[in-house]
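> Here is a sequence with its predicted model. Questions after.
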Amino acid sequence: MFIFTPNHGIVSLRHGRVGKSASTCPDARGCKTSWWAGLRIQGLPLDLSWISPEWSDASVRPAPHSCERGGMPAATAVRPHVASGVSSSRTRNRIILAAALTAGLAFLIASAVIYWHAIQDRHGIVHKGLSASAAASHILDREAEALGNILKGLSASPLLEIEDLKPFHQQLLATPRPEGARFVLWNRERLFLSTAFPYGAPMPPVTSFPVSDQRLQLLRRVGLTLSERIYAPRTKEWIIGVSLQLASPNPGGERILTLAVPEAHFGKAIRDSNPPAGWTNFILDYKLQQVRWSEAELPLASQLRPQLANALADGDRNGHFEVDGEGGAILVAFERSSNTGYVVLSTIPEALIDEPLYSARRWIWSAGIALALMGIASAGITLRNVGSIDALTVAAVSTKAELVETNGRLAAILASVSDCYLTLDHAYRITDINAAAMRWFELPRTDVIGHSYFAVVGHHPQFDAALKQALEGRTPFHGEFPSTYNPGKQIDYRVEPTPKGVSVFFRDVTEQYRARLSIMQEREFLQASLDALSAHIAVLDDAGTVISVNEAWHRFARDNGYSGRSHGLGMNYLDVCARAEQDDPAVTRIHEGLEAVISGERRDYRDVYRCDGPDGPHWFQVRAMRFMTGKVSRIIVTHENITEFVAVKAEITALSGRLLTVQEEERERIAVELHDSTAQHLVAVSLNLMQVENFRLPPSGRRILGEIDRSLEEALKELRIFTYLLHPPRLETDGLVSTVQNFADGFSKRTDLRTILRFDEAADGLPVDLQRALFRIVQEGLANVHRHAKASQVILNLRLTSDQVILFVADNGHGMRSRRGETGVRQATLGVGIPGMRIRLSQFGGSLRIRSGRRGTIIRATAPRLMPAVMALEA
């Protein structure tokens, strides 16, 4: 092992021997470069003052000394720089004293904190009692106000104005009131009626309804009062009366309407107020009588009423005090109602109030014992580890040698790194520089070391301020600036304060800067492209957070009064939709669709919604599309204003509806004309032919008359079928199922076509317009089957799903393609035929599909059970 001595080089302590090292300088001139130079590696000073004050920068620097001729030093004695130190006993005493003071101070602080928290907890418990009494008093006021509102409503009854009060008595019996309560109409002289007695039954004297003159005067003054606790002999219970002075045109005719309520009703309301744990609520009337809600309820302590009376006499509306009870001290919190005069008490045993203090004392004793044990253990461990100061000094010298080796490795690392590195002292002089920085400056080392940083590199206002802050404020800095030494380059700087100045790391990041600049330009171009679009566009990340919006989005937000400059940037779009669901349940559908796109369940989503603005309702189409860019997903949400499109479509739909209405009216007119005119003429012709048959005609003439008669019968049959098809339905009165059933039965009788009906009975609950459209499709389908299919059977099937109506019209005919040249005939059927069916369904967002083959034709009509938002606007 070796130690350094300022005057004798390296002293060997190995194997207990002290000797000279070969590193002793041969002459005075050579001693100017001592071992201390090895401790300064590339300009990095080594500060050892933290080991011992004698090893500071000044103390370890070697002093000049002379050498004798022949290279031998003038002195050979070893004089190590090691102080005698303090005795071990004094060190132990100081350690014990410090441990005792630390433990005592920690005990005092912990005790103060624990006791302060205990006092705060006690105050909190008292405050809970005050809050409980105030809340219960508020509940009592609300209950009295609710009963008073019942009386006020009855006071406005016109039945009070008539002489016979029997109707009013019946109204009182029908009025909802608390269980066991009864109405009484009375004045100072007598009782008029009571719901406790049948009307007309003898009433007890008014003296059985005790009301003091003082309460009567208060009643006349305020109009509505709450009586004290009164015993009712008839029901053998205690009641509380809520009385209302009725308006009367003359003083002699004054009347009072009272609702006598069992006291348990008020007690139950207070009991259900859920006081804090440990607290119990009580009610006292204005005479300080306890209002009970059960016989099992404990009476109040006799010592409580005098103190409460004194507190109320002082004018206090609320407060708290302590009394001695049978089981110990009790804390009482009270609240007096300014409306009813009743007092609500909340009580708790004093032991529960002081529990935080008892607990604090236990914690303080525990903390004291724990701190004492910890202090004793810490002092013992410290004393056990205290050794000789000389041994610590020798260990420090060994550590110094390790630091020298570490500094050497650090210098090698700094020389090999690719980042440029240099150090500055407090005068901004360059004290060290690595090879990468030398290549950057392309200057000799002698032109850099010791020179001012600004003379070598130049000035940059922002970086100069960062250097000053690092040197004077000891604040690290990291940032990018354009290079002043090599213009056109972008430099990344990192400045770290050191005891001797600052260390500056910098590197060329021009390529990265240009790449970021290109990305920013592309992003700005994309944003400009989005801003040029009229649709409101938002870009979401894979969590649904809005990361970008376009100008149309901002403009719409400003025009509609949305506050905030960001207009939703940084917010979660799904959270916004969830909050909007509370005001508009229709947003739920959009919320679920967007959630499916964001979660990846579906790639896109499209819907239509309504938005009411200052200038009226607007309609928007929302579209969400999920895109993948590498492993990153983005969701584009667009809102397009389609109000004009919806208005045009609504107008077209209205025109189609009017066209169909005209068609219905024309059908009805044709049916009436055919039935009243054409059918009658054909009947007349048939009658005339019957008379002609009475003439003596040759066989050929009779044969011709028979053919004419059969043709007339076929014509009448076709005419009856045609007029039946044209006859308007009775949907509004009979419903869809009954109307179709009657129509199908009549159609079968007239055409000999078997009709099978399978209709869901719930179809009668569909909108009337949709029922009418479905019925007309049935008419069109049956007409086509009769005229063209040559079928013997047709099936009408209507079923309802959760969101759709599905109608099938299926026949067993030869199909639509079985005979050539019939296309024009089929389209010339009743009304506008199949195009008319499609027009009817399009009004409701539905569709029509036809499947035909050799075994017959199936017409499938579908429509939503509820009209979409756009259809609702059109309607």
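Cool, got the structure.

> Let me know the secondary structure of the residue positioned nearest the centre of the chain.
Nearest to the mean C-alpha position of the chain, counting by Cα atoms, centre = their mean, stands Asp575 at 5.7 Å. Under DSSP: H, G, I helix; E, B strand; the rest coil, Asp575 falls in the helix class.

> contacting residues around it?
Remark: with contacts taken as Cβ atoms under 8 Å, 6 or more residues apart in numbering, Asp575 is in contact with Gly544. Placement of C-beta: from N, CA and C, glycine included.

> where does it land on pLDDT?
Asp575 is assigned a pLDDT of 84 by the prediction.

> measure Ala196 to Pro233 for me?
12 Å (Cβ to Cβ, to the nearest Å).

> Comparing those two, which residue is more hemmed in?
Neighbour totals were compared for Ala196 and Pro233, and Ala196 leads with 16 against 8 (other Cβ atoms under 10 Å).

> Would you mind giving the domain segments of this structure?
2-81, 94-385, 417-508, 514-641, 735-875 (automatic domain parsing).

> Which among those domains is found nearest to Arg409?
Taking Cβ to Cβ, domain 2-81 is the member of the domains of the chain nearest to Arg409, at 9.3 Å.

> Please work out the average pLDDT along that closest one.
Mean predicted lDDT for domain 2-81 stands at 39.

> Can you show me the helices along the stretch 451-600 of the chain?
In the stretch 451-600 of the chain, the helices defined using DSSP state H, counting those that start in this stretch lie at 453-456, 461-472, 510-532, 551-559, 573-580, 587-599.

> Then the stretch 151-300 of the chain?
Counting by DSSP H, counting those that start in this stretch, the helices of the stretch 151-300 of the chain are 166-174, 213-222, 263-271.

> So what's the gap between the last one and the chain middle?
The one in question is helix 263-271. 38 Å (Cα atoms, centre = their mean, to the nearest Å).

> What lies in contact with that helix?
Contacts for helix 263-271 (Cβ under 8 Å, 6+ apart): 136, 139-140, 143, 178-181, 229, 237-240, 281-283, 291-294, 297, 344.

> Buried subset of these as a ChimeraX selection?
One line in ChimeraX is enough to select the buried ones among those; burial here means 16 or more other Cβ atoms under 10 Å:
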select :136,139,140,143,178,181,229,238,239,240,281,282,283,291,292,293,344
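
> among the helices of the stretch 151-300 of the chain, which is nearest Ser418?
Using Cβ to Cβ, those put helix 263-271 closest to Ser418, at 80.2 Å.

> buried residues in that closest one?
263-267, 269-271.

> now do stretch 605-615
605, 607-610.

> Assess the claim that Gly781 and Arg860 are in contact.
No - the criterion here is Cβ atoms under 8 Å, and Gly781 misses it with Arg860 at 10.7 Å.

> For these two, indicate the residue with more neighbours.
Gly781 (26 against 15).

> so which strand or helix has the more buried one?
Under the criterion of DSSP states H and E, Gly781 resides in helix 768-784.

> So which other helices or strands are in contact with the helix or strand His618 falls within?
According to DSSP H and E, His618 maps onto strand 616-629. Secondary-structure packing of strand 616-629 (3 or more Cβ pairs under 8 Å, 6 or more residues apart in numbering; DSSP states H and E): helix 587-599, strand 604-613, strand 632-641, helix 643-673, helix 869-874.

> Could you tell me the least trusted of the ones you listed?
That would be helix 869-874, which, of all the helices and strands packed on strand 616-629, carries the lowest mean pLDDT at a mean of 46.

> which sections of the stretch 301-450 of the chain are below the confidence cut-off?
Residue ranges of the stretch 301-450 of the chain with pLDDT under 70: 301-303, 315, 325-327, 382-394, 411, 414-416.

> Ser483 versus the closest residue to Phe844 other than its chain neighbours, what's the distance?
Leaving out its chain neighbours, the residue that sits closest to Phe844 by Cβ to Cβ, 6 or more residues apart in numbering is Ala863, at 4.5 Å. Between Ala863 and Ser483 the computed distance is 72 Å (Cβ to Cβ).

> Mind checking which of these two has more residues around it?
For the pair Ala863 and Ser483, the greater number of neighbours falls to Ala863 (25 against 17), based on other Cβ under 10 Å.

> Kindly list the main-chain dihedrals of the more buried one?
phi -150, psi 150 (degrees, to the nearest 10).

> quick one on the thing from earlier: would you turn the helices of the stretch 151-300 of the chain into JSON lines with distance to Arg854 and mean pLDDT?
Formatted as JSON lines, the helices of the stretch 151-300 of the chain follow (distance: least, Cβ to Cβ, whole Å; pLDDT from 0 to 100):
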{"stretch": "helix 166-174", "distance to Arg854": "73", "mean pLDDT": "88"}
{"stretch": "helix 213-222", "distance to Arg854": "93", "mean pLDDT": "70"}
{"stretch": "helix 263-271", "distance to Arg854": "80", "mean pLDDT": "80"}
